[in-house]
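Visitor: give me the fold of what follows.
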Amino acid sequence: MSTTPRNRPSAYAIVGWLLAAAVLVGLAVLVALNASSVWNSFFPPEAKSVQGQAIRNLYDIVFAIAVVIFLIVEGLIVWTVIRYRRKPGDDELPPQTHGNNLAEVTWTLIPTAIVIFMFVISLQTLNSVDATSAHPNLKVRAVAGQFQWSFDYLPETATATDTTKPLFTVNVPVGPDGGLVLPAGQTTHLFLRSPDVIHAFYVPQFLFKRDVVPHLVGEADNEFDLDIPAGDAGQTYRGQCAELCGIGHRVMLFEVHILAPADFAAWQQKQIAAANATPPPAPSGAAAGPTIPLLAKNVKFDQASLTAPAAGFTIHYDNQDVGTPHDFVILDSTGAKVYSSPVVTGPKTADFAVPAIPAGTYKFECSIHPTSMFGTLTVQ
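Guide: Numbering: from 1, shown residues only. Sure, this is the predicted structure:
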């Protein structure tokens, strides 16, 4: 058996090979894929609130630490495999080392220091996100019910146990006339309330999720502050319930509309005036035309098609979804509203007298839940 010593690659050579391989792999990825989209996929969405930016900063730090640890561990594994791989003629074990105080102290102290550091910065971020202002610019109570969001705009004196009447309420969670409307560059204090089961308030761009826990009257709601940067005025963000809450969970969506302070003040005054306006008197006399029953249950209509006379008709609306508002809207082929009923919060029935409309084919829907409650109306 030959005892001629064979040359092994040096540690510097191995490190050089690893770096060269990493560069080549990186170049191949950049050429084959969109580098920006691949890199961004490792991170959450861009933060659109002050609190969300604090969470994003914490994520970036933890991600950087994880990357460094990954590269060190994987690099050492690859280096060990190459440097100490067995070759023909290696019939004896190399010298064995039993115990190394320096190594053991090092791999104990470094992880301990990392854990302590992460604990400290996580606690600081948590305290920053949970901090609330003594004098916020706006107070809103987000009410999550099966299967609907509504937003109560509250007076300055409102508290987490407040049950007084709000200044006004937005019952439509999506669309230009609905959703959660907030002023940019100001602090909004939100209370979360549920009349039934656990829901969750989640807006991806805020990097924040908070459970909406049902409480008895007099118990405190979950609450938090939300600060939207002034530069985000005019933006709209999508929110949702992020807690499986029942059969209609998928339709529990809402939008967050960010307005400049002046535009928000004008919008708020308009909503207050509408809420305080004297409602028109109920129409007198018999309902128009034949009566057509329509049932709303489990955030669905019981009929996908209706037929009605052009001279006018009455929809007998039966909303059986407890605590959930629905309405009845007729749209023409261009999407313009031909008829729109008042909102009915279940369980409740109502008769909607629809005036004469030209013969043709129309779409009917609940404008609050248009993705699951719609059908075809044929007018003859």
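
Visitor: switch to C-alpha atoms for all contacts and neighbour counts from now on
Guide: Fine.

Visitor: next, the residue nearest the centre of the chain: phi, psi?
Guide: Nearest to the mean C-alpha position of the chain, by Cα atoms, centre = their mean, lies Val203 at 2.7 Å. In terms of degrees, to the nearest 10, the main-chain angles of Val203 are phi -130, psi 110.

Visitor: residue contacts, it?
Guide: 209, 237-240 (Cα atoms under 8 Å, 6 or more residues apart in numbering).

Visitor: which one among those residues gets closest to Gly89?
Guide: Lys209 (60.9 Å; Cα to Cα).

Visitor: so what sits opposite the residue nearest to the closest one when sequence neighbours are not counted in the bridge?
Guide: Distances taken as Cα to Cα, 6 or more residues apart in numbering put Tyr202 closest to Lys209, at 4.6 Å, once the chain neighbours are dropped. Listed by DSSP bridges, the beta-bridge partners for Tyr202 are Lys209, Gln240.

Visitor: use 811 as the first number for this chain going forward.
Guide: Done: numbering now begins at 811, and the last item shifts to Tyr1012.

Visitor: per-residue pLDDT, Tyr1012?
Guide: Listed pLDDT for Tyr1012 reads 94.

Visitor: isn't it up against Tyr1047?
Guide: No - using Cα atoms under 8 Å as the test, Tyr1012 is too far from Tyr1047 to be in contact (10.7 Å).

Visitor: which SSE is Ala923 in?
Guide: Applying DSSP states H and E as the criterion places Ala923 in helix 911-940.

Visitor: other SSEs contacting the helix or strand that comes right after that helix?
Guide: Going down the chain from helix 911-940, the next helix or strand is strand 948-955, by DSSP H and E. Secondary-structure packing of strand 948-955 (3 or more Cα pairs under 8 Å, 6 or more residues apart in numbering; DSSP states H and E): strand 958-964, strand 997-1003.

Visitor: mean pLDDT and mean neighbour count added to the ones you listed, as JSON lines?
Guide: Shown next, in JSON lines, are the helices and strands packed on strand 948-955 (pLDDT from 0 to 100; neighbours: other Cα atoms under 10 Å):
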{"stretch": "strand 958-964", "mean pLDDT": "90", "mean neighbour count": "23"}
{"stretch": "strand 997-1003", "mean pLDDT": "93", "mean neighbour count": "23"}
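
Visitor: out of those strands, which comes closest to Ser859?
Guide: Ranking these by proximity to Ser859 (Cα to Cα) places strand 997-1003 first, at 10.3 Å.

Visitor: mean confidence score for the helix of greatest length in the chain?
Guide: Longest helix of the chain, by residue count under DSSP state H: helix 860-893. Per-residue pLDDT values over helix 860-893 give a mean of 91.

Visitor: how far off centre is that helix?
Guide: A distance of 27 Å separates the centroid of the chain from that of helix 860-893, by Cα atoms, centre = their mean, to the nearest Å.

Visitor: got the residue ranges for the helices in this protein?
Guide: 821-842, 845-850, 860-893, 911-940, 1071-1086.

Visitor: need those helices in CSV (columns: distance to His1136 and mean neighbour count).
Guide: Formatted as CSV, those follow (distance: least, Cα to Cα, whole Å; neighbours: other Cα atoms under 10 Å):
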stretch, distance to His1136, mean neighbour count
helix 821-842, 49, 12
helix 845-850, 39, 10
helix 860-893, 33, 14
helix 911-940, 35, 12
helix 1071-1086, 19, 14
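
Visitor: still on that earlier bit, between Tyr1012 and Tyr1047, which has more neighbouring residues?
Guide: Tyr1012 (20 against 16; other Cα atoms under 10 Å).

Visitor: His1179 versus the more buried one, what's the distance?
Guide: For Tyr1012, the distance to His1179 (Cα to Cα, to the nearest Å) stands at 19 Å.

Visitor: before we move on, what about Gly1058?
Guide: Taken as Cα to Cα, the span from Gly1058 to His1179 is 10 Å.

Visitor: then Leu1116?
Guide: In terms of Cα to Cα, Leu1116 sits 18 Å off from His1179.

Visitor: who has more neighbours, these two?
Guide: His1179 (22 against 16).

Visitor: where are the low-confidence patches of this protein?
Guide: Within the chain, the segments meeting pLDDT under 70 span 811-822, 838-848, 1026-1028, 1088-1098.

Visitor: at 50 what do you get?
Guide: 811-814, 1092-1096 (pLDDT under 50).

Visitor: walk me through the domains of it.
Guide: Domain ranges of the chain: 821-896+912-940, 948-1086, 1101-1189, per automatic domain parsing.

Visitor: what about those, which gets the closest to Glu902?
Guide: Comparing those by Cα to Cα, domain 821-896+912-940 comes nearest, at 10.2 Å.

Visitor: how far does the closest one sit from its chain's centre?
Guide: On Cα atoms, centre = their mean, the centre of domain 821-896+912-940 falls 27 Å from that of its chain.

Visitor: swap in stretch 1121-1141?
Guide: 29 Å.

Visitor: repeat for stretch 1103-1116
Guide: The answer for stretch 1103-1116 is 28 Å, by Cα atoms, centre = their mean.

Visitor: ends of it, how far apart?
Guide: 9 Å.
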